[in-house]
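# Whatever this is, show me its structure:
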Amino acid sequence: MRITSDILPVLALALAAAALPASAAVKTEVVEYKDGDQICEGFLAYDDAAKGKLPGVVVVHEWMGLGDYAKERATKLAGLGYVAFAADIYGKGIRAKDTKEAGALAGKYKGDLPLLRSRARAAFDTLAKNGRVDAARIFAIGYCFGGTTVLELARSGAPLAGTVSFHGGLATKDPADAKNVKGRVLVLHGAADPYVPPAEVAAFQKEMDDAKVDWQMVHYAGAVHSFTNPGAGTDPSKGAAYDAKADRRSWEAMKAFFAETTK
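Numbers count the residues shown, from 1 in each chain. Here you go, the predicted model:
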């Protein structure tokens, strides 16, 4: 299904938690876990007042590495009744200092799909083992580089209930692996994103169709790369910019996708 639609600062984690419903008692904690010999440092958020096992969401960061933006999104998800785990793909203490370094780090993982998939699966497994989580209802969402990552996690055959990419790259070296996708897929895409050209979109759609994946793709008119992140600025001519309308609409689309999938 294709839908076409026509700077706020990033909220501090404390403000994000304060804006949650009064019934929510969101707790956050840093969680160390390992992928092979690599120590990673993720961020867990959950409603401490919730009863029973809850659906989980793996949240994967943009190309700069795990930071406040992904943590804030995880905290918001906890307020919606999910146990959210912001993954650390690069490893503990490894964060890009600038866009040049971010490009090198992201390129390393995108160029080595077994490594990227393994690092994402380590985060998934960590969340699945959490006693608060219903392991049969785990989703993965990602932003930009993170969108690419969660799609590769799905292609690897991880038992995800659903996968959501926000302005992520859609290309893969192994399109035939789409046959391994277990759950539904939702792609939230800026219609004017210069970094994900129409040919890449078309190839992704064919890949999903060939594998008979239950997929949806929403295009937001005028939105470019990084449209959910206020830190991207407000100048679309640069190729990456915040779009408040697309941010709001894509978050609501994700919520509806989750609700439908967890019925």
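# where do the strands sit along the stretch 1-150 of the chain?
Secondary structure of the stretch 1-150 of the chain (DSSP state E, counting those that start in this stretch): strands located at 2-5, 26-35, 38-47, 54-60, 83-86, 133-143.
# a markdown table please, covering those strands and showing mean pLDDT, distance to L113 and mean neighbour count.
Yep, even glycine has a C-beta here, placed from its N, CA and C like the rest. Listed next are these as a markdown table, based on pLDDT from 0 to 100; distance: least, CB to CB, whole Å; neighbours: other CB atoms under 10 Å:
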| stretch | mean pLDDT | distance to L113 | mean neighbour count |
| --- | --- | --- | --- |
| strand 2-5 | 42 | 27 | 12 |
| strand 26-35 | 97 | 14 | 16 |
| strand 38-47 | 98 | 16 | 21 |
| strand 54-60 | 98 | 15 | 27 |
| strand 83-86 | 98 | 22 | 28 |
| strand 133-143 | 97 | 15 | 22 |
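# want to try a markdown table for those, with distance to A158 as columns?
What follows is those, written out as a markdown table (distance: least, CB to CB, whole Å):
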| stretch | distance to A158 |
| --- | --- |
| strand 2-5 | 26 |
| strand 26-35 | 14 |
| strand 38-47 | 16 |
| strand 54-60 | 9 |
| strand 83-86 | 14 |
| strand 133-143 | 8 |
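# and F204, which of those is closest to it?
For the strands of the stretch 1-150 of the chain, proximity to F204 was assessed by CB to CB; strand 2-5 is nearest, at 12.0 Å.
# May I see the buried residues of stretch 155-168?
Buried residues in stretch 155-168, counting neighbours by 16 or more other CB atoms under 10 Å, are found at 155-156, 158, 160-168.
# So for stretch 208-219, first residue to last residue, what's the gap.
End-to-end distance of stretch 208-219 (CA to CA, to the nearest Å): 17 Å.
# So what touches that stretch?
With contact meaning CB atoms under 8 Å, 6 or more residues apart in numbering, stretch 208-219 is reached by 1-5, 175-176, 178-179, 181, 183-191, 201, 205, 249-250, 253, 257.
# In helices only, show me these.
Residues of the contacts of stretch 208-219 located in helices (DSSP state H): 201, 205, 249-250, 253, 257.
# Among the residues you listed, the buried ones, what's the ChimeraX command?
Buried residues within these, by 16+ other CB under 10 Å, are selected in ChimeraX with:
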select :201,249,250,253,257
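# May I ask which two of the ones in helices among the contacts of stretch 208-219 are separated the most?
Between any two of the ones in helices among the contacts of stretch 208-219 (CB to CB), the greatest distance is 20.3 Å, for Q205 and R249.
# Looking at strand pairing, list the partners for I39.
K34 (DSSP bridges).
# same check, this time on F85
Legend: beta-bridge partners of F85 under DSSP bridges are L44, V58.
# which ones are touching it?
F85 touches 31, 42-45, 56-59, 74, 123, 126-127, 130, counting by CB under 8 Å, 6+ apart.
# export those to CSV and tack on distance to A25?
As requested, those are exported to CSV (distance: CB to CB, whole Å):
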residue, distance to A25
V31, 19
G42, 21
F43, 17
L44, 14
A45, 11
G56, 18
V57, 18
V58, 22
V59, 20
A74, 16
A123, 24
T126, 22
L127, 20
N130, 17
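# Isn't A192 up against A223?
Yes: shown here, A192 and A223 form a contact pair, counting by CB atoms under 8 Å, at 6.2 Å.
# Among those two, which residue is more densely surrounded?
A223 (27 against 17; other CB atoms under 10 Å).
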